[in-house]
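Visitor: From the sequence below, what's the structure:
(one chain, ligands or ions: 4)
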Amino acid sequence: MTRENLAEVLDEIALLLELKNENPFKVRAYRQGAETVRSHDGDIVQLAIDNQLDGIKGIGEALRDKLHLLASTGTLLYHQHLRAEFPPGIFDLFELQGLGPKKIKTLHETLGIDSIAALKSACLDGRVAALTGFGAKTQAKILEAIGLREKFADAFTLAAISPLAGEILDTLRLHPEISQLAIAGSFRRSKETVHDLDFLAATKSPALVCEDFTTLPQVASVIACGETKASIRLHNGLQCDLRAVSNDQFPFALQYFTGSKEHNVALRSLALKQGYSLNEYGLTPTGDATPPPPAIHEEVDLYHALGLDFIPPELRENHGEIEAAASHTLPRLIELSHLRGTFHNHTTASDGLHTLQAMADEAIAMGLQYLGIADHSKSTYQANGLDESRLLDQVAEIRRLNSTFDGFRLFAGSEVDILKDGSLDFDDSILSQLDYCVASVHQFSNQTEDEMTRRICRAMENPHVTMLGHPTGRLLLKRDPYPVNLAKIIDCAAATGTIIELNCSPLRLDLDWRWWRRARDLGVLCSINPDAHSTARLHHIGLGVRVARKGWLRREDVLNTRPTAEIEAFLRTPKHQRRPTQA
Ligand code: DGT
Ligand code: CA
Ligand code: CA
Ligand code: ZN
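Guide: Ligands and ions are numbered 1, 2, ... in the order given. Here you go, the predicted structure:
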């Protein structure tokens, strides 16, 4: 059992309890437990096995005993029994955007729907629309969600597979016959979604390594197993390829299988111009006129041999990185250690799982100097958005807490709804009492591109709007972006001095990496925001940094790399006078 296995069981129990209409507090306890398991500093699996979970915040007695049973025996009868009350296909329904436990329960009880296939046919012959509380609109939305799922059937989000990738790497690292090991492909390039994982191992015994790869505990089925390569499918459907190469070939294979294909094509043609042929096995002179290349022990040597600076994997998309590497103008990319704090986080006041104090404690434990709170505003009533009076109470509470911290501070903000016409959910008289504000669209996302663009620009023109939240509303593999003209949004952000958020909640990663270079060049600042609804999710800033790197961002392009005093000065300065980058 891994940490993630434990957390998944607790999450699933929460879902099942919701399906059974159980007490919401009980549901919340399991969900909170899952988050605690994910974020606990120590070896929580071992602690659970040893029955040493007492005193861990977020894990009560009932959870403590269940985690002990689960970790020490690998199963939990309570979970099995709950699961047995429902058909297994029902879990897939939770993956569909816009379908909550209540609707799933109705669909199951009235129409006997127990799988996505069954749901699809019920939509197609109109049975779903006929249900009370559903209607034609809901039915169309469900069909759309099913369509999206089919379209992305073979894709996974970077965040979803990262723990799994890490586990497999850890296991393979123990293999005595593997001398070098890496995951290449889109995963190494930090693409927001990936189709498969490409493992690469240097070894003197390729056939043995391939065979052992197919017996990893995560394997559901073996697709192929040969002398130098193998492919497996994991229980979650993810395919993993392995190439076994010699030590000498490793740097070439690593470069080749990292891709992207477009980057490789451009690199190969550059090599050809210099008289070399480049492939996954080596760099060789094409004729007698070309001298042999310098010794290449590592991937970086290969780039140097071609007269290029080392190109970080995130940039290898043939978006100008080869030209920049040739002219020594690649950006020095931001790193996780540069972040000093982060904005846009939720608490129990709206739909977060943890209190102000707990969120602050976690940020402090992460070594951050400040944390921005931005709970939902009143129009997002589904998320228990705050009205004026609750918001001002929270501001007061934040000011009180700040007097108890040493070298840490909370910034009081709001994730204020951008209403249909671009006005905001709070008056300026309220917004002016906050330290900062994130403005986001959460409703009326069916407007035309023109309407949506004008609406968001109007919000950014407000002097109290510090930053724009999740600019396209996309949910990776689940919900397309709403129509919006991002070029105009970026221009408007530059003109008004509005920061754009890089929302690094794993399904969002919004603004997309493809737009950041343009934004940066126009002087738009980025804020890497986890949109955390729990303490564990604060750690998504690491994912945000990977995406920011992919967008060519440097330390100076990101607001929350600045120390507290600079942030305070920045926020005090009227918006139109703020300098996007430090001198
Ligand atoms: P994906 O679809 O998320 O798995 O994306 P990748 O980039 O991981 O693609 P994949 O797994 O098909 O191949 C891994 C890398 O191998 C790819 O990024 C570049 C290299 N590669 C694969 N096929 C070709 C090819 O036909 N030509 C070149 N130049 N490189 C290739
Ligand atoms: Ca791949
Ligand atoms: Ca592959
Ligand atoms: Zn939001």
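Visitor: Find the closest residue to ligand 1 in the stretch 451-583 of the chain.
Guide: Going by CB to the nearest ligand atom, ligand 1 is nearest to Leu477 of the stretch 451-583 of the chain, at 12.6 Å. C-beta coordinates here come from the backbone N, C-alpha and C atoms, glycine included.
Visitor: before we move on, what about the stretch 101-250 of the chain?
Guide: Nearest residue of the stretch 101-250 of the chain to ligand 1: Gly185, at 2.8 Å (CB to the nearest ligand atom).
Visitor: With the flanking residues excluded, which residue is spatially nearest to that residue?
Guide: Nearest non-adjacent residue to Gly185, counting by CB to CB, 6 or more residues apart in numbering: Asp198, 3.5 Å away.
Visitor: same deal with Tyr256?
Guide: Leaving aside its chain neighbours, Tyr256 sits nearest to Glu280 (3.8 Å; criterion: CB to CB, 6+ apart).
Visitor: wait, doesn't that neighbour sit right on Gly259?
Guide: No - contact criterion CB atoms under 8 Å: Glu280 and Gly259 do not qualify, at 11.1 Å.
Visitor: Looking at these two, which is more packed in?
Guide: Under the criterion of other CB atoms under 10 Å, the comparison of Glu280 against Gly259 puts Gly259 first, with 21 against 15.
Visitor: Next, the more buried one: phi, psi?
Guide: Here is the backbone geometry of Gly259 (degrees, to the nearest 10): phi 70, psi -150.
Visitor: Which stretches in the stretch 251-400 of the chain count as helices?
Guide: For the stretch 251-400 of the chain, the helices defined by DSSP state H, counting those that start in this stretch cover 261-273, 299-305, 321-326, 356-365, 388-402.
Visitor: Which among these is found nearest to ligand 1?
Guide: helix 261-273 (3.6 Å).
Visitor: how about that closest one, does it reach ligand 2?
Guide: No - Helix 261-273 lies out of reach of ligand 2 by CB under 5 Å from the ion, never closer than 10.5 Å.
Visitor: Of all the residues in that helix, which ones are buried?
Guide: For helix 261-273, burial by neighbour count (16 or more other CB atoms under 10 Å) applies to His263, Asn264, Ala266, Leu267, Leu270, Ala271.
Visitor: Look up the closest residue to the second one, ignoring the ones flanking it.
Guide: The shortest distance from Asn264 to any residue that is not its chain neighbour, by CB to CB, 6+ apart, is 6.3 Å, and that residue is Tyr256.
Visitor: Hmm, Asn279 and the one you found touching each other?
Guide: Yes - using CB under 8 Å, Tyr256 is in contact with Asn279, at 6.8 Å.
Visitor: ok, those two, which is more surrounded?
Guide: Remark: of Tyr256 and Asn279, Tyr256 carries more neighbours, 22 against 14, as counted by other CB under 10 Å.
Visitor: my guess is Gly469 contacts Cys437, does it?
Guide: No - counting by CB under 8 Å, Gly469 sits too far from Cys437 to count as a contact (9.6 Å).
Visitor: shared neighbours, the two?
Guide: Ala374, Glu415 (CB atoms under 8 Å, 6 or more residues apart in numbering).
Visitor: So which bits of the protein are right by ligand 1?
Guide: 185-186, 191, 194-196, 198, 256-257, 259-261, 264-265 (CB under 6 Å from any ligand atom).
Visitor: If we only consider the residues you listed, which is nearest to Pro563?
Guide: Lys191 (32.1 Å; CB to CB).
Visitor: nearest spatial neighbour of the closest one, skipping sequence neighbours?
Guide: Leu158 is the one closest to Lys191 (CB to CB, 6+ apart), at 6.6 Å.
Visitor: just Phe444 next, same as before
Guide: Distance criterion CB to CB, 6+ apart; nearest residue to Phe444, sequence neighbours excluded, is Lys420 at 4.6 Å.
Visitor: show me the contacts for the one you found.
Guide: Shown in contact with Lys420 (CB under 8 Å, 6+ apart): Gln443, Phe444, Gln447, Arg455.
Visitor: May I have the phi/psi pair for it?
Guide: Torsion angles at Lys420 (phi, psi; degrees, to the nearest 10) stand at phi -50, psi -40.
Visitor: Does the helix or strand of the chain with the lowest mean pLDDT pack against any helices or strands, and if so which?
Guide: Lowest by mean pLDDT, DSSP states H and E among the helices and strands of the chain is helix 90-93, with a mean of 86. In terms of contacts (3 or more CB pairs under 8 Å, 6 or more residues apart in numbering; DSSP states H and E), helix 90-93 is packed against helix 3-19, helix 101-111, helix 116-124.
Visitor: Just say which of these is most tucked in.
Guide: Highest mean neighbour count of the helices and strands packed on helix 90-93: helix 3-19, a mean of 20 (counted as mean count of other CB atoms under 10 Å).
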